[in-house]
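Asks: this is a predicted model, with the sequence first.
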Amino acid sequence: MKKLLDLVDVSILQEIQNKFADATSVAVLICDDTGVPITEASNFTSFCRYVRSSPEGFRRCMLSDENVGRMAAQRQRPVLHRCHSGLVDFAAPIVLRGRYMGAILCGQVLMTETELNTISDMRMDKDQLDLNTEELGMHYNQLLFKKKSEIEAIAELLFVTANHIVKICDAYLTKKELSRKSDKLVKELQRRTQLERDLKETELKFLQSQINPHFLFNTLNTISRIAYMEQAEQTQEVTYLLAKILRYSLKNTEQYVPFQEEIEHVRNYLLIQQTRYRHKIDFQLEVDKSLLTMQVPIFTIQPIIENSIVHGFEPSGEPIHISLHAYQTDNKVIIEILDDGIGIGDQTRSLPSEKQRQTTGIGLANVDKRLKHGFGMQWGIADIRKREHGGTKVNIELPLSMLRFVEI
């Protein structure tokens with residue numbers, strides 16, 4: 001927690017102190033938790049000013065102020081004591097949310113010996129102060145006598161004043177806490193708004209680029225029948241795969257699907273690419289069977305596989321091996337996509353932009369944003385880097401506790 005001066009303006013403390021001094025005619029000073037004065041002293045006696053003019057006297061005064069302040073904090077109420085010079089001082093603690101922040105110190109008065117017997121004593125030898133004894137005595141004779149009942153009444157009023165300062169500090173802290181929470185809420189709303197905007201833009205781009213689905217599928221069915229009649233089996237197969245990919249792509253980008261469906265979509269996409277580039281694209285799949293039914297956002301894997309084709313294979317045309325691994329570890333699910341293609345330029349880099357060329361119109365950054373939206377900011381694409389012997393590695397991490405599993 002901050003210091004007292006960080007929570008309330010010194011001018012406010014000074015005003016409170018001055019008014020208290022005017023009302024009670026006693027010396028008043030507000031100090032921090034170490035006994036160091038925060039305000040300018042009000043109604044300070046000439047005796048105490050003279051004592052504090054000595055380095056040793058000032059040190060003793062600081063120690064005395066700190067001790068009486070902490071005594072008051074421990075007892076949670078005003079405390080009376082005799083300072084190192086024998087004067088009666090009293091203090092009310094300023095305790096904020098259980099922490100001692102400082103104290104309001106009053107006093108510099110005298111009492112009768114009979115009443116003094118009930119008050120703790122911190123007197124020390126005045127001869128060590130290196131002060132003129134005659135002048136010290138002159139200042140001492142100017143000190144006021146007060147009855148114990150008067151001092152106790154002033155001490156209670158002092159406690160009320162200290163609690164008023166606590167309320168000012170607490171109001172400041174509450175305001176700051178609300179401001180921090182408000183800022184956090186605004187940032188979260190901005191993040192969600194941006195994510196929704198990105199998803200809508202992606203959907204709009206897709207809608208703008210697609211022709212009437214019924215016409216498109218009817219045309220593909222016609223091509224497939226013609227290919228069958230002409231015994232063009234490969235043409236028929238590619239047309240069939242393309243129709244399946246398009247149907248999958250028409251689903252809502254906010255939809256969750258079983259991991260098995262996402263893998264099937266990846267297979268269909270790769271079968272078409274393998275038809276285009278004969279014997280140049282190899283795919284290996286190693287997935288924990290228990291993960292096939294977990295629900296993941298649609299287009300979680302395919303854009304990453306496509307990234308391997310577009311950026312790892314197509315620029316060179318050299319054969320590429322792509323592997324997909326999915327397994328559980330440490331209460332999370334790891335999905336790992338590896339390729340031995342060209343690889344990225346640096347050892348590590350940030351996520352590619354959605355604007356990079358991909359057939360789904362969904363880039364890796366979009367995949368990461370949707371995963372973070374669904375599972376939290378610490379999840380999503382955890383790593384994307386160049387492999388030691390060439391190629392690229394992309395790791396996705398998902399929280400096992402937040403995943404839903406369905407029967408297929």
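Replies: That came through, no problem.
Asks: quick check on C106: phi, psi?
Replies: The phi/psi pair for C106 (degrees, to the nearest 10) reads phi -140, psi 170.
Asks: and what of K147?
Replies: Dihedral pair for K147: phi -70, psi 150, per degrees, to the nearest 10.
Asks: if I look at it, how far off is V26?
Replies: 13 Å (C-beta to C-beta, to the nearest Å). The way it works is simple: take the backbone N, C-alpha and C, and place the C-beta from them, glycine included.
Asks: D330 too?
Replies: In terms of C-beta to C-beta, D330 sits 65 Å off from V26.
Asks: for these two, indicate the residue with more neighbours.
Replies: When neighbours are counted by other C-beta atoms under 10 Å, D330 and V26 differ, and V26 comes out ahead with 23 against 7.
Asks: N43 is in contact with that one, correct?
Replies: Yes. Using C-beta atoms under 8 Å, V26 is in contact with N43, at 6.2 Å.
Asks: what about the helices in the stretch 1-150 of the chain?
Replies: Secondary structure of the stretch 1-150 of the chain by DSSP state H, counting those that start in this stretch: the helices cover 4-7, 10-24, 46-52, 55-75, 113-116, 133-140, 148-209.
Asks: lowest average confidence, helix or strand, in the chain?
Replies: strand 120-121 (a mean of 49; mean pLDDT, DSSP states H and E).
Asks: wait, a strand at E388?
Replies: No. Counting by DSSP: H, G, I helix; E, B strand; the rest coil, E388 is not found in a strand; it is coil.
Asks: got a pLDDT number for it?
Replies: With respect to pLDDT, E388 scores 84.
Asks: what does K393 give?
Replies: The predicted local confidence for K393 is 94.
Asks: for the residue nearest to C169 when sequence neighbours are not counted, give its distance to L241.
Replies: Excluding the flanking residues, the one nearest C169 by C-beta to C-beta, 6 or more residues apart in numbering is L7, at 4.1 Å. Using C-beta to C-beta, L7 is found at 68 Å from L241.
Asks: same deal with K147?
Replies: Here the criterion is C-beta to C-beta. By it, K147 lies 101 Å from L241.
Asks: and for S316?
Replies: Noted for S316: a distance of 25 Å to L241, by C-beta to C-beta.
Asks: cool, A41 as well?
Replies: Note on A41: its distance to L241, by C-beta to C-beta, is 88 Å.
Asks: quick check: buried residues in the host helix or strand of R385?
Replies: Element membership for R385 (DSSP states H and E) is strand 380-386. For strand 380-386, the neighbour count (16 or more other C-beta atoms under 10 Å) marks 380-382, 384, 386 as buried.
Asks: T45 against Q142, yeah?
Replies: Yes. Using C-beta under 8 Å, T45 is in contact with Q142, at 7.0 Å.
Asks: number of nearby residues for Q74?
Replies: 11.
Asks: gap between it and L7?
Replies: The value you get for Q74 to L7, if C-beta to C-beta is used, is 22 Å.
Asks: gap between the residue nearest to the spatial centre of the chain and H84?
Replies: Among the residues of the chain, the one closest to the centroid is K184, at 8.3 Å (C-alpha atoms, centre = their mean). From K184 across to H84, the span is 50 Å (C-beta to C-beta).
Asks: T45 and Q142: who's more crowded?
Replies: Neighbour count, other C-beta under 10 Å: between T45 and Q142, T45 has more, with 20 against 9.
Asks: which phi and psi does the spatially closest residue to V109 that is not a sequence neighbour have?
Replies: Closest residue to V109 apart from its sequence neighbours, by C-beta to C-beta, 6+ apart: K146 at 4.6 Å. Here is the backbone geometry of K146 (degrees, to the nearest 10): phi -130, psi 140.
Asks: thought K146 was touching C106?
Replies: No. Contact criterion C-beta under 8 Å: K146 and C106 do not qualify, at 10.6 Å.
Asks: so what sits against both of these two?
Replies: V26 (C-beta atoms under 8 Å, 6 or more residues apart in numbering).
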